[in-house]
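Asks: Predicted model and sequence follow; I will ask about them next.
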Amino acid sequence: MYILNWGSRLSSVALILMLAACSSTNKIESNLGLADVPDWVNKGTQTLNNKDGRLFHGVGQASAMGDMALQKSVADDRARAEVARILSSFLDIVSNDYLASEKVANASVNTESVSRQIKNMSKVNLSGSRIIGSYRDTKNNIIYSIAELDMQRVKETLKGVNDMNEGLQRYIEVHADNVFDAMTKGKK
């Protein structure tokens, strides 16, 4: 049992480190260094907390394929996949925090059930992501797309999940914004 707790802690730390390495905030400097492109192309996939809300942004790109519509569709799909990646990481952190809080409270929680529910939530929420912009780099013939998922939409979707663990649902209602803010602030 002690090894399992230690493993949970290690996986929580690993997830936080992966999130810090994989996404960014408004203050990121471009690692692409492209001139004359929208800021979001250079900033890439990130979480944002600004006047528009708490947002998951995913940026995808596609090289020339001979069919512009197909190329655009591939860039859109890759942008949505990026949103899925950071949403999944966010939900992993939420579930690990929830499970840790339940252990402290000496509550009995089925870890496998919570993990399965988190995976299902990721799939359900992806339907709420939308493409909010595209850019075609005519010099390199690359299309970039940006997808967005609003945290408010995530929480509204989760409220509608009937077979979710009640404790997890309450935990998300109360703590999701704080976890999101900590994720976003941790990347400055």
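Replies: Ah, there it is. Numbers count the residues shown, from 1 in each chain.

Asks: pLDDT on the longest helix anywhere in the chain, on average?
Replies: With secondary structure taken from DSSP state H, the chain has its longest helix at helix 68-104. For helix 68-104, mean pLDDT is 88.

Asks: Equivalent analysis for stretch 148-155, please.
Replies: Averaging pLDDT along stretch 148-155 yields 89.

Asks: Residue 131 is in contact with residue 144, correct?
Replies: No - under the criterion of C-beta atoms under 8 Å, residue 144 is not in contact with residue 131, lying 10.9 Å apart. C-beta: built from backbone N, CA, C; applies to glycine.

Asks: Just to confirm, what's the three-state secondary structure of residue 65?
Replies: Following DSSP: H, G, I helix; E, B strand; the rest coil, the label given to residue 65 is coil.

Asks: Please give me every residue in contact with it.
Replies: The contact partners of residue 65, taken as C-beta atoms under 8 Å, 6 or more residues apart in numbering, are 71, 74.

Asks: which residues in this protein form helices?
Replies: Taking DSSP H as the criterion, the chain carries its helices at 2-22, 39-43, 68-104, 111-126, 151-159, 166-185.

Asks: could you say what helices and strands the shortest one packs with?
Replies: Spelled out, that is helix 39-43. Applying 3 or more C-beta pairs under 8 Å, 6 or more residues apart in numbering; DSSP states H and E, one finds that helix 39-43 contacts strand 53-62.

Asks: buried ones in the strand it packs on?
Replies: Using 16 or more other C-beta atoms under 10 Å as the test for burial, strand 53-62 gives 54, 55, 56, 57, 58, 59, 60, 61, 62.

Asks: Just the closest of the residues you listed to residue 152, please.
Replies: Using C-beta to C-beta, residue 54 is the member of the buried residues of strand 53-62 that lies nearest residue 152, at 7.3 Å.

Asks: Run through the chain and note the low-pLDDT ranges.
Replies: By pLDDT under 70, the low-scoring segments of the chain are 1-32, 104-127, 186-188.

Asks: quick revisit: between residue 144 and residue 131, which is the more surrounded one?
Replies: Neighbours per residue, other C-beta atoms under 10 Å: of residue 144 and residue 131, the larger number sits with residue 144, 24 against 17.

Asks: gap between the more buried one and residue 56?
Replies: As judged by C-beta to C-beta, to the nearest Å, residue 144 and residue 56 stand 17 Å apart.
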